[in-house]
Each structure stands twice: as C-alpha cells, then as structure tokens.
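A.B. asks: Would you be able to build a 3D model of this:
(one chain, ligands or ions: 1)
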Amino acid sequence: MILCGLHGSKLSGLSPRRYYDEILNTLQEHHKEFSTFIPLIASENIPSPAVREALSSDFGNRYAEGWVGERVYAGCEYIDKVEFTCIDLMKKLYKCEFVDPRPISGVVANLVVYTAFTEPGDTIMALPITCGGHITYGPKKLNGTAGAVTGLNVEYLPLDYKELNIDIDRTLKRIKKMDAEGIKPTMVIFGGSVFPFPHPVKELAEEYHSRGAIIHYDSAHVSGLIAGGQFQNPITEGADTVTVSTHKTFFGPQHGSVLSWDKYAEPIKKATLPGLVSNHHLHAVAGLAIACAEMLEFGEAYSKQVIKNAQALGQALNERGFKVLAEHKGFTRSHVLLIDITNYGLGGDVEKKLEKAGIIINRNLLPWDVKEKRNYINPGGIRLGTPEVTRLGMKESDMVEIAELMERVVVKKEDPVKVRKDATAFKSKFQTVHYCFENKTKAYEYVKIR
Ligand SMILES: *Cc1c(COP(=O)(O)O)cnc(C)c1O
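C.D. replies: The predicted structure follows:
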C-alpha cells in the first residue's frame, strides 16, 4: 500500500517532524511493496548489499574535482585509491585503454562524448526514438539532448522493422546521399534503448572512419552483457568511444562512464571536467568499483542467464498468444523483448493493468506506431527485460511462470487484483541478490541507521 501523505497538498501544514516521519515511512513502504513486485523494466537492476553499503558511505559527502591522483581538493587519499581501482577493473572488463568513470549518468556520458568530438551545427547519425533510439540522440524539435543542448543536426539511421536492427544497405544509401549533398557526418551513434540484437559496428566502421566520423557506441542497456563477455564488444569492433550506464544490465549503482582509446583521453577528460561534472558522486564510483569486482567474478554466468531468461520469456509469452517481435531470430540476443500488444489493447493500458497485478513493465513505441497515429502515452508496444529477475536468481522455468501470470491478466482478462496474490507468492521465493560475494541483507530490505 502506498501512503498518500506526500501526494498533492492534502497534508500541507504539517510540522517538520511529521514531514520527516512521512518521508521515511514512505521510503519503507516502497521497499516493502517493491519486494512483492515482479520487476521487468529492462533498464533496471538490483545492486548487491555491498554496493548499497558503499552508497551510504562518507564518499557521498566529498568532492574530488580533477583527474584521479591530481585532485584540486585535499583529503582524497582513499577516494583516489578506490577510483584507481575502479578504472583498472573497468579496463579489465571492457578490454579498453582508457576509462573516465566520472560522468554521473549515461546521459552525461553521452554529453561528454558530444562535447569532446562535435561542434554545434555538425551532423550526427543515430536511431530515432521511435525505433529504439534514446532521447539523448534526438534533434532540437523533439527537445533531444543532441539538438537542444549540443546544437547538433540529426540524420536518422534506418531500422529494418522485421530484423529489429539497423538496415546496412539503407544506411549506405543514406551516407551516399549525404555525400552528394555535401553533408559529412561528424559522428555515428550505435546503440539504443530497445537493443535486442548486436548492431553492425564492424560492417559500417570503415564507411564512417573514411569520412572522418567518430564511431560512438552507447552501450547503456547492454553494458553488463558486454562486461560479462556475452554481447558484441564495440571496442574491438571499431568504436572510438563507448558510453556505459552502470545500473541496467550492469548491476551497479546509478552512474555513467566513458570508455575509449588513449589517443582520445585528453578531449574526454576536459569535456567531463570542467565541462559537465564538478562533483562526480564518489559514493557511486565506490559502488561501481565493487560491482566491477562482482562482474569479474560472476559476470559471465550472470549475463548468460540474463539472455537465456529473456529468450525463455519470449518463447513462453509467444506460446501464450503474445506477439513478441523477431520470432524468427529467437526474439532477442540480449536482455530485452519488444511485444506488439495491439491484439489486447494499447501499451499504456496494459502497463497499468499489469502494475495492478504486481508485474512492472513499461509501455513502448513500436517502430511503426507514429505512422499508425499512436503515441508514447498509449503506444502499441510493451518492453520487458530480464536483468533484475535474473539477479534475484530466476531461471528459465520461472520465466514460464511469469508468462502465465501475464497471460492471465492480458489474454484471459482475469481480475489483476486476484493475479496479484499469486504474483506476490511467486516473488516471495526470490528475495536475495545472486551473483555477488555476500548477501546477508535481503534484496529489498530497508536498512535503518538512525
Ligand atoms: C538509459 C539510457 C541512457 C541514459 O542513461 P542514464 O544513466 O539513465 O542517464 C542513454 N542511452 C541509452 C540508449 C539508454 O537506454
């Protein structure tokens, strides 16, 4: 149950102490409720107790401006030690020469790359939001970061709707057309927020490099799968820069990073500071370092299981009447599934119904939604991901149980409140974090230190 004390203005005029208590109570209610949910948001995960411990440490109260070992503040001896370790571990995981672990999120990491390698008025190429591209690649007219913040023009990469991947032939045609118009792409961005299959980095690298473009790979969604060795490694396939979100398939704290080559280190470092970061959330850097150690030890087994679970969930849903896209390719090669839900309603409505049953997913645009006059409020699709359920120890047979619960709500139109009881009972078996060294504290346990 959600306490409503903080919603609207109904409880305005409380004493400070009442507000204080309300806020802390609401946090606890969230933990309690979330422990009963089946979490299928593709961009979310659950960190280990050790990462949570780091997040509440004193590192979160400090500043360490500057590059590691060259700070402009005193008192950074231990912070430097942890940040050096973080950089070393990330280099090991991603097999890259250079890591800047300071960007405080994936968005900021993308901004660091834009700032380092583009000028306002340049043209970049990326997937549109309707085809899985991220808001950071968007043009100004959509208030996307690339256009609205960095002044970039955006040419879209064409998506093959059936393959759910970048269409190589049409991309080549578009590049040639740009050649004819005298438009040189400064950067191409591979990656996206619906990222079921590896992108053609190797296939297109030469075309872009020969035109002087930077090849950027936004690994946000698949950062953990790459670290576990189970998805394309963009660094070895020709990428110049890679951005990381550390909390999606990578099971660390919310943070970002940029990976690159030594020859690009200086512009990246300068873009981060003084460009885009002052305080770089040192508690998150510590948490990231811990998650890197966990990833080195458990990453392969974890990411293999994430993918197996996604494929099993796709299969089980498909057998129960859900139209999971890319069936001919086994639905996915990553953690994410895209489902055309229009046989049963619209994405927004289905999202709400499933939430009532304790199954947390998000509505999502299908590539052809705009043409069919649907929008992001009530699109034709839903998106599911298996990172968090995998971290909780679920396997393929558990995916079948989740598919059955979803079938009861969406296909058989059972009362979600009734299904919720069974969803909660199912979830009660998965309350500890797996693929970590220590898990004495439960996954969703609220830790009081007052
Ligand atoms: C989530 C996401 C980001 C942004 O990451 P944050 O850490 O949330 O700022 C960037 N790119 C893609 C493709 C994403 O899915």
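A.B. asks: Let me know the secondary structure of the residue nearest to residue 68 when sequence neighbours are not counted.
C.D. replies: Distances taken as C-beta to C-beta, 6 or more residues apart in numbering put residue 83 closest to residue 68, at 4.4 Å, once the chain neighbours are dropped. (Each C-beta comes from the backbone N, C-alpha and C, glycine too.) Under DSSP: H, G, I helix; E, B strand; the rest coil, the three-state class of residue 83 is helix.
A.B. asks: Give me the mean pLDDT for stretch 241-256.
C.D. replies: Confidence over stretch 241-256 (mean pLDDT, whole number) is 98.
A.B. asks: Does it reach the ligand?
C.D. replies: Yes: with C-beta under 6 Å from any ligand atom as the criterion, the ligand is reached by stretch 241-256 at 245, 256.
A.B. asks: Pull out the buried positions in that stretch.
C.D. replies: Neighbour-count burial for stretch 241-256 flags 241-256 (criterion: 16 or more other C-beta atoms under 10 Å).
A.B. asks: Out of the residues you listed, which is nearest to the ligand?
C.D. replies: Each of the buried residues of stretch 241-256 was scored against the ligand by C-beta to the nearest ligand atom, and residue 245 proved nearest at 3.8 Å.
A.B. asks: Look up the residues forming beta bridges with that closest one.
C.D. replies: residue 256 (DSSP bridges).
A.B. asks: For it, give its distance to residue 437.
C.D. replies: For residue 245, the distance to residue 437 equals 23 Å [C-beta to C-beta, to the nearest Å].
A.B. asks: Repeat that for residue 201.
C.D. replies: Noted for residue 201: a distance of 33 Å to residue 437, by C-beta to C-beta.
A.B. asks: Check residue 354 too.
C.D. replies: Applying C-beta to C-beta, the value for residue 354 to residue 437 is 34 Å.
A.B. asks: In terms of neighbours, single out the busier of these two.
C.D. replies: Between residue 354 and residue 437, residue 354 has the larger neighbour count (other C-beta atoms under 10 Å), namely 26 against 12.
A.B. asks: That one against residue 407, yeah?
C.D. replies: No: judged on C-beta atoms under 8 Å, residue 354 makes no contact with residue 407 at a distance of 11.2 Å.
A.B. asks: Tell me, how many residues neighbour the residue nearest to residue 68?
C.D. replies: Neighbours of residue 83 under the rule other C-beta under 10 Å: 25.
A.B. asks: need the strands for the stretch 51-200 of the chain, in chain order.
C.D. replies: Along the stretch 51-200 of the chain, counting by DSSP state E, counting those that start in this stretch, strands occupy 66-67, 70-71, 98-100, 123-126, 153-156, 159-160, 165-166, 185-191.
A.B. asks: Mind listing residues that contact the third one?
C.D. replies: Defining contact as C-beta atoms under 8 Å, 6 or more residues apart in numbering, one finds that strand 98-100 is touched by 86-87, 90-91, 112, 257-262, 264-265, 268-269, 272.
A.B. asks: residue ranges for the helices of the stretch 251-400 of the chain, please.
C.D. replies: Remark: helices assigned in the stretch 251-400 of the chain by DSSP state H, counting those that start in this stretch are 265-270, 282-319, 347-356, 387-391, 396-410.
A.B. asks: Make CSV out of those helices and add mean pLDDT and distance to residue 195.
C.D. replies: Shown next, in CSV, are the helices of the stretch 251-400 of the chain (pLDDT from 0 to 100; distance: least, C-beta to C-beta, whole Å):
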stretch, mean pLDDT, distance to residue 195
helix 265-270, 98, 23
helix 282-319, 98, 12
helix 347-356, 98, 18
helix 387-391, 98, 12
helix 396-410, 98, 19
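A.B. asks: most neighbours per residue, which of those helices?
C.D. replies: Greatest average neighbour count among the helices of the stretch 251-400 of the chain goes to helix 387-391 (a mean of 28), per mean count of other C-beta atoms under 10 Å.
A.B. asks: Tabulate the CA atom coordinates of that helix in PDB.
C.D. replies: C-alpha atoms of helix 387-391 as PDB (Å, rounded to 0.1, in the frame of the first residue of the first chain):
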ATOM      1  CA  PRO A 387      18.300  -8.200 -15.700                       C
ATOM      2  CA  GLU A 388      16.600  -7.800 -12.200                       C
ATOM      3  CA  VAL A 389      14.700 -11.100 -12.100                       C
ATOM      4  CA  THR A 390      18.000 -12.800 -13.100                       C
ATOM      5  CA  ARG A 391      19.900 -11.100 -10.300                       C
END
